[in-house]
Structures are given as structure tokens and as C-alpha cells.
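1. return atomic coordinates for the entry below.
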Amino acid sequence: MIARHFRLVAAVVAALTASACQNTKPPMQKLPEISFANLRPFQLDVGQLEIVSEFVSPGRSPHVEHLMPVSPEGAIQRWAQDRLKPMGKTGSARVVIKDARVVEVTLATDKGLSGAFKKEQEVRYDAALNVAVQILDPRGMVVGETMAQATRSRTVAEGITLNERDRVLYDISETLAKDIDQQMVQLIQNYLGRWVR
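-> Residues are numbered from 1 along each chain as shown. Sure, this is the predicted structure:
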């Protein structure tokens with residue numbers, strides 16, 4: 001009887017310990033949507049908007065864009081939808097995503113005894129975004145074009161959590177898209193101004 005009671009208590013303690021361990025995992029954070037809807041869109045004298053990606057992620061290390069909460073490609077697609085509004089009847093505006101890579105680079109850290117007493121930068125993320133905006137006539141011929149590109153690098157320290165890593169990657173995408181937006185404000189006026197209403 002005592003042995004059976006002891007086994008029951010041991011089982012209950014094991015179950016509680018297991019559930020406590022599971023509950024220490026931080027909840028997945030909800031990151032805000034990247035949006036440019038608060039900015040005045042470019043009203044373009046074209047009939048439609050087309051978004052084309054020439055960038056194909058390898059989907060494996062050292063590339064990490066496929067693992068990001070919002071990839072640079074996803075951020076710039078949202079930028080195009082929010083900022084470029086077709087208001088005409090013919091022709092089209094085409095956004096071409098030429099590059100949207102994010103590469104993870106492992107940094108050298110001190111593996112010796114002194115390394116145990118300091119927190120070092122362990123990984124660097126190198127990101128690039130290259131985007132063209134083209135105006136096509138009704139026959140599909142490119143009659144106007146401008147291009148913007150942005151790069152960012154960010155290092156992270158040893159021992160960051162998954163949520164902290166996701167936040168860093170999210171910030172990279174958001175910053176790249178904002179960099180492209182700032183450049184495009186001037187570039188569209190300079191090179192595509194005749195199609196802006």
C-alpha cells in the first residue's frame with residue numbers, strides 16, 4: 001500500500017515538474033505588421049500594379065530570409081501595395097525585387113577560459129534589398145524605370161532568445177524597406193514624375 005502510494009506521489013511530482021518545464025518557454029511574441037499605409041501613396045497614371053520577384057531564396061544556411069518573421073521580400077511587397085496606387089486606364093507599374101537576401105555569418109568568439117566571463121557578439125546578419133520600379137506601356141514595353149538599393153548589417157550577442165532574434169530580424173526587414181521608401185520618394189519624382197498624378 002505504501003509503495004503504491006509512493007509511486008502515485010512520484011508520478012504526480014514528475015508530471016508537475018514536466019509541465020513546469022514546458023511553461024518556462026517564453027510565449028511567441030506578436031510583432032506589428034510592417035505597413036506604409038500612413039504615408040501618402042504615389043498615384044500613378046497606369047492601369048495596374050504588378051509585383052515580381054527575381055530573388056529566389058536558397059532556403060538553407062547561411063541564408064535565413066525564409067526563417068524570418070517578415071522577410072525583406074515580404075516587407076517590400078507591402079511597401080509596393082501601400083505606396084504605389086494605379087489610377088489610370090492603361091499600362092502598368094511593375095515592382096521588381098532583384099535581391100532580398102539575409103545571410104547569417106558566425107563570428108569568432110573566445111573559446112578559452114576568459115571567454116566564459118564575457119558576452120561576445122556571436123552572429124552577424126548581412127542583408128541586402130534591391131528594388132526597381134518600372135512603368136510599362138500597354139504593349140508591355142518598359143518606358144520608365146528607377147532603382148533603389150539598401151544594405152544593413154547587425155550583430156547579436158551570445159545567448160539571445162528566439163524572440164530576441166526574431167525581433168532583430170524583423171527590425172532588419174523594416175529598416176531595409178524604410179530605406180528603400182526614402183530613396184524612392186526622390187527617385188520616383190525624378191525619373192517617373194511624368195506618370196505621377
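2. ok, now which ones touch the residue positioned nearest the centre of the chain?
-> Computing the C-alpha centroid of the chain and ranking residues by Cα atoms, centre = their mean puts S71 first, at 2.8 Å. With contact set as Cβ atoms under 8 Å, 6 or more residues apart in numbering, S71 has these partners: S57, E65, A100, V102, S173. For the C-beta atoms, the positions are set from N, CA and C on the backbone; glycine is no exception.
3. quick check: the first one touching L67?
-> Spelled out, that is S57. No - shown here, S57 and L67 do not form a contact pair, counting by Cβ atoms under 8 Å, at 9.7 Å.
4. and the strands in the protein?
-> Under the criterion DSSP state E, the chain contains strands at 42-44, 48-53, 84-86, 92-106, 121-136, 142-157.
5. low-confidence stretches in the protein?
-> Flagging of the chain using pLDDT under 70 yields the residue ranges 1-26, 110, 112-118.
6. what segments of it are helices?
-> All helices of the chain, identified by DSSP state H, fall at 2-23, 72-83, 162-191.
7. for the closest residue to R152 other than its chain neighbours, what are its contacts?
-> The shortest distance from R152 to any residue that is not its chain neighbour, by Cβ to Cβ, 6 or more residues apart in numbering, is 4.7 Å, and that residue is A127. Applying Cβ under 8 Å, 6+ apart, we find A127 in contact with P72, R101, V102, V103, T151, R152, S153, R154, I172, S173, L176.
8. could you redo the last one with a cut-off of 10 Å?
-> 64-65, 68, 71-72, 99-103, 150-154, 169, 172-173, 175-176 (Cβ atoms under 10 Å, 6 or more residues apart in numbering).
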